[in-house]
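Student: okay, predicted coordinates and the sequence, questions at the end:
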Amino acid sequence: MPDIILQGLTKTYTKGATPAVDRVSLTVPHGEFLCLLGPSGCGKTTILRMIAGIEHASGGTILMDGEAVDSVEQSRFVPPERRRVGLVFQNYALWPHMTVARNVDFGLRLQNVSPAEREARCRDVMTKLKIADYAKRYPAQLSGGQQQRVALARMLALNPDVLLLDEPLSNLDAALRLEMRAELRRIHETFGTTIIFVSHDQWEAMTLATTIAVMDRGQLQQVGTPDEIYARPANRFVAEFIGNPRINMVNLADTPAGAGQGLAAHLIRRLPAGAGAVACGIRPEEIRLVPDVSPDALPVTVAGIMPTGGSWVIELAHGEDRLFFSTQSRPRLKPAETVGCLLPDEALHLFNAEGRRLTIPGFGLSEAA
Ligand SMILES: Nc1ncnc2c1ncn2[C@@H]1O[C@H](COP(=O)(O)OP(=O)(O)OP(=O)(O)O)[C@@H](O)[C@H]1O
């Protein structure tokens, strides 16, 4: 089974325009569950389509199992049907005039698989995806989630080495999404298939993927496990894109060293001289509140308390500055109350003028880990 390697992969749809995918290099080892994550228009779908072979690269190379399947330099392009990848789109387009069983069987017929093997493979995959009971129904007689499972079964029956999923859960309601996420996890564990999944939903990516590749404007920003991406964002974009509620980001650039009582001045005083940090991030759950204001604790007043169902987001004011604090335990705070706020060194994420993460001993979550 192949590793997929992207080398400097680039796609420009319109000559002279900014590339939709810009020199992306990425290795997807066999059996990985990789999520391409990023805001709308950042090039996720374009990458997926190039891997599937339904879009040509404008530059760079895609290797599958060591073989170049798309390489402008080598003038090589392997057509989609020879790549052993299955692509499931956002709208999963089942054949409406065919039963579930026929839909699942369809691709195998095209591949001239023997009737006995076709039947065995279809039965197996429909049982695993729990749609065997609906074999004789037509797509219109199924719920959205059931249709989605048929679309997945149709792909899995073909035994693809790689399953490419383009936001396949986006048409489902919250409960079904949850159910289908569990389903996808099971598919990954049961079939051992490499899965590349496109999402703009960070929660989905964090809960499903073994590796996340964060993209912005065609460029890869960071590749890592969900935990790495969250705990050690490589740059400001990743820090601000991942996390809900969002990370608190304090601009340090406009405050002269040691000046004033504001939040930026407080943070600057704690950093080593010449550290070069122009922004400091702290995640809402890393803030600590204490009843008394001590020299270490910043005085803050409670500006708002927002329940979010099982957790709470508290808006804190320090003069003109605002910080958001989140907690899983019911807060014993009253509006306008003044408390002390601790911002532990190890929870501070520091970024330089280019937006890149700075490594400064003692600062930054699990930097030592
Ligand atoms: N066929 C096309 N012709 C011209 N431009 C295109 C084409 N397809 C995509 N683009 C542009 O390329 C960029 C990347 O698009 P892409 O669909 O890959 O992004 P995405 O991250 O998947 O977005 P979304 O999450 O909204 O689906 C966008 O600016 C888009 O407008």
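Tutor: Received it, and whenever you're ready, just let me know what you need.
Student: in this structure residue 242 contacts residue 231, no?
Tutor: No. Counting by C-beta atoms under 8 Å, no contact exists between residue 242 and residue 231, whose distance comes to 9.9 Å. Every C-beta, even on glycine, is put in place using the N, C-alpha and C of the backbone.
Student: neighbour-wise, which of these two wins?
Tutor: Taking neighbours as other C-beta atoms under 10 Å, residue 242 and residue 231 compare with residue 242 leading, 23 against 17.
Student: now do the closest residue to residue 177 other than its chain neighbours, the pLDDT please.
Tutor: Counting by C-beta to C-beta, 6 or more residues apart in numbering, residue 177 lies nearest to residue 169, which is 4.9 Å off, once chain neighbours are set aside. Reported pLDDT at residue 169 in the predicted model: 77.
Student: how about residue 169, secondary structure?
Tutor: Here residue 169 is coil, with the state taken from DSSP: H, G, I helix; E, B strand; the rest coil.
Student: go on, residue 96?
Tutor: Under three-state DSSP, residue 96 comes out as coil.
Student: how much space between the closest residue to it other than its chain neighbours and residue 100?
Tutor: Nearest residue to residue 96, sequence neighbours excluded (C-beta to C-beta, 6+ apart): residue 139, at 5.5 Å. Here the criterion is C-beta to C-beta, to the nearest Å. By it, residue 139 lies 7 Å from residue 100.
Student: residue 94 too?
Tutor: 8 Å.
Student: who's more crowded, the two?
Tutor: residue 100 (27 against 21).
Student: if we can go back for a sec, anything in contact with each of residue 139 and residue 100?
Tutor: Taking C-beta atoms under 8 Å, 6 or more residues apart in numbering as the criterion, residue 139 and residue 100 both touch residue 150.
Student: which strands or helices does the helix ranked longest in the chain pack on?
Tutor: Criterion DSSP state H: the longest helix present in the chain is helix 174-191. Applying 3 or more C-beta pairs under 8 Å, 6 or more residues apart in numbering; DSSP states H and E, one finds that helix 174-191 contacts helix 115-128, helix 144-156, strand 194-199, helix 202-208.
Student: where do the helices sit along this structure?
Tutor: 44-52, 100-110, 115-128, 144-156, 174-191, 202-208, 226-231, 236-241, 263-270.
Student: the longest helix of the chain: which residues count as buried?
Tutor: Under the neighbour-count criterion of 16 or more other C-beta atoms under 10 Å, helix 174-191 has 176, 177, 180, 181, 183, 184, 187, 188, 191 buried.
Student: would stretch 21-30 count as contacting the ligand?
Tutor: No. Using C-beta under 6 Å from any ligand atom, stretch 21-30 never reaches the ligand; the gap is at least 7.1 Å.
Student: circling back to that earlier point, so what's the residue nearest to residue 177 up against?
Tutor: Residue 169 neighbours (C-beta under 8 Å, 6+ apart): 148, 176, 177, 180, 181, 184, 204.
Student: go on, residue 28?
Tutor: By C-beta under 8 Å, 6+ apart, the neighbours of residue 28 are 3, 4, 5, 6, 34, 194, 196, 211.
Student: re earlier: the residue nearest to residue 96 touches residue 102, doesn't it?
Tutor: No. Residue 139 is beyond contact range of residue 102, at 10.4 Å (criterion: C-beta under 8 Å).
Student: so for these two, which sits in the more crowded spot?
Tutor: Relative neighbour count places residue 139 above the other of residue 139 and residue 102, with 20 against 16, counting by other C-beta under 10 Å.
Student: give the contact list for the more buried one.
Tutor: With C-beta under 8 Å, 6+ apart, residue 139 has these contacts: 94, 95, 96, 98, 100, 103, 147, 150.
Student: and residue 75, how many neighbours?
Tutor: The number of residues packed near residue 75 is 7, by other C-beta under 10 Å.
Student: what's it sitting at in phi/psi?
Tutor: Residue 75 adopts backbone torsions of phi 50, psi 50, taken as degrees, to the nearest 10.
Student: ok, it - contacts?
Tutor: Taking C-beta under 8 Å, 6+ apart, one finds nothing in contact with residue 75.
Student: circling back to that earlier point, just the buried subset of the contacts of residue 139, please.
Tutor: 94, 100, 103, 147, 150.
Student: and of the helices and strands packed on helix 174-191, who's closest to the ligand?
Tutor: Closest approach to the ligand among these (C-beta to the nearest ligand atom): strand 194-199, 6.1 Å.
Student: thinking again about what came up before, need the residues touching each of residue 139 and residue 102.
Tutor: residue 95.
Student: how far away is the closest residue in space to residue 249 that isn't next to it in sequence from residue 113?
Tutor: Distances taken as C-beta to C-beta, 6+ apart put residue 281 closest to residue 249, at 4.9 Å, once the chain neighbours are dropped. Using C-beta to C-beta, residue 281 is found at 53 Å from residue 113.
Student: ok, now residue 271?
Tutor: Distance, residue 271 to residue 113, by C-beta to C-beta: 64 Å.
Student: tell me the domain ranges of the protein?
Tutor: With domains defined by automatic domain parsing, the chain comprises 4-236, 246-351.
Student: most tightly packed of those domains?
Tutor: domain 4-236 (a mean of 18; mean count of other C-beta atoms under 10 Å).
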